[in-house]
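>>> Sharing a model that was predicted from the sequence below.
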Amino acid sequence: MEKVVLTAAGLYVIVLLRAGGTFAVGWLAGAGVRRGRLAERMSSATFVRAERAIQRWGAPVVAVSFLTVGFQTAANFLAGSMRMPLPRYLPALFVGGACWALVYATVGVGALEVLARLFAERTALGVAVVAALLAAVCGVVVYRRRNAGSAARGGAADEA
């Protein structure tokens with residue numbers, strides 16, 4: 001239990017700094033980001049979805065975004081660029097960050113303990129599991145990059 005508490009505390013500090021920093025960068029960038037080099041990136045589906053959700057629901061979207069992958073950074077950045085007031089943003093950051101830290105600490109420590117036990121008792125099986133996980137991650141990355149490349153080529157062909 002002590003490992004989970006220490007891990008959660010460390011992750012909580014990390015998420016507060018990272019998400020708070022992302023919010024601060026968004027705040028400082030403000031509306032200028034929509035006219036600069038990042039304008040194309042800001043028009044991506046993730047950013048558009050995050051902006052619409054924040055406009056409609058506000059701080060709860062920021063809190064829930066911590067339980068997603070790929071949406072969290074967009075939500076925090078957009079909350080900053082949309083100048084969400086700190087009295088509304090900070091509670092969302094604290095609650096969402098705490099949930100994120102607890103989920104990752106419990107799942108992370110549990111997964112590491114299972115892998116450690118697996119390596120100690122059945123080393124070959126442990127190596128096979130890690131190799132399979134790495135292959136799956138590599139496959140997902142390659143698949144996503146190919147789809148992003150083909151979507152970009154398809155969009156360019158549509159414009160021609």
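Received the coordinates, thanks.
>>> When you work out contacts or count neighbours from here on, use the C-alpha atoms and nothing else.
OK.
>>> Now residue 119: closest residue in space that isn't a chain neighbour?
residue 126 (4.9 Å; Cα to Cα, 6 or more residues apart in numbering).
>>> from what I can see that neighbour touches residue 115, true?
Yes: with contact defined as Cα atoms under 8 Å, residue 126 counts as touching residue 115 (6.6 Å).
>>> Quick one: name whatever helix or strand follows the helix or strand bottoming out on mean pLDDT in the chain.
Least confident helix or strand of the chain, by mean pLDDT, DSSP states H and E, is helix 39-42 with a mean of 65. Sequence-wise, the next helix or strand downstream of helix 39-42 (DSSP states H and E) is helix 45-57.
>>> which parts of that following helix are buried?
Across helix 45-57, burial judged by 16 or more other Cα atoms under 10 Å covers 46-48, 50-51, 53-54.
>>> mind putting these in TSV, distance to residue 96 and pLDDT included?
Rendered in TSV, the data for these read as follows (distance: Cα to Cα, whole Å; pLDDT from 0 to 100):
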residue	distance to residue 96	pLDDT
46	19	73
47	19	73
48	21	76
50	15	75
51	18	75
53	16	77
54	14	79
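>>> what are the ranges of the helices in this protein?
Ranges of helices in the chain, per DSSP state H, are 2-29, 39-42, 45-57, 59-65, 72-81, 86-121, 123-159.
>>> Tell me which other helices or strands the first one touches.
Yep, that's helix 2-29 we're talking about. With contacts taken as 3 or more Cα pairs under 8 Å, 6 or more residues apart in numbering; DSSP states H and E, helix 2-29 sits against helix 72-81, helix 86-121.
>>> List of residues touching the shortest one?
Residues lying outside helix 72-81 but in contact with it, judged by Cα atoms under 8 Å, 6 or more residues apart in numbering, are 19-20, 22-31, 46-47, 50-51, 54, 61-62, 65-66, 89.
>>> Now, of these, which are buried?
Among these, the ones that count as buried by 16+ other Cα under 10 Å are 19-20, 22-27, 29-30, 46-47, 50-51, 54, 61-62, 65-66, 89.
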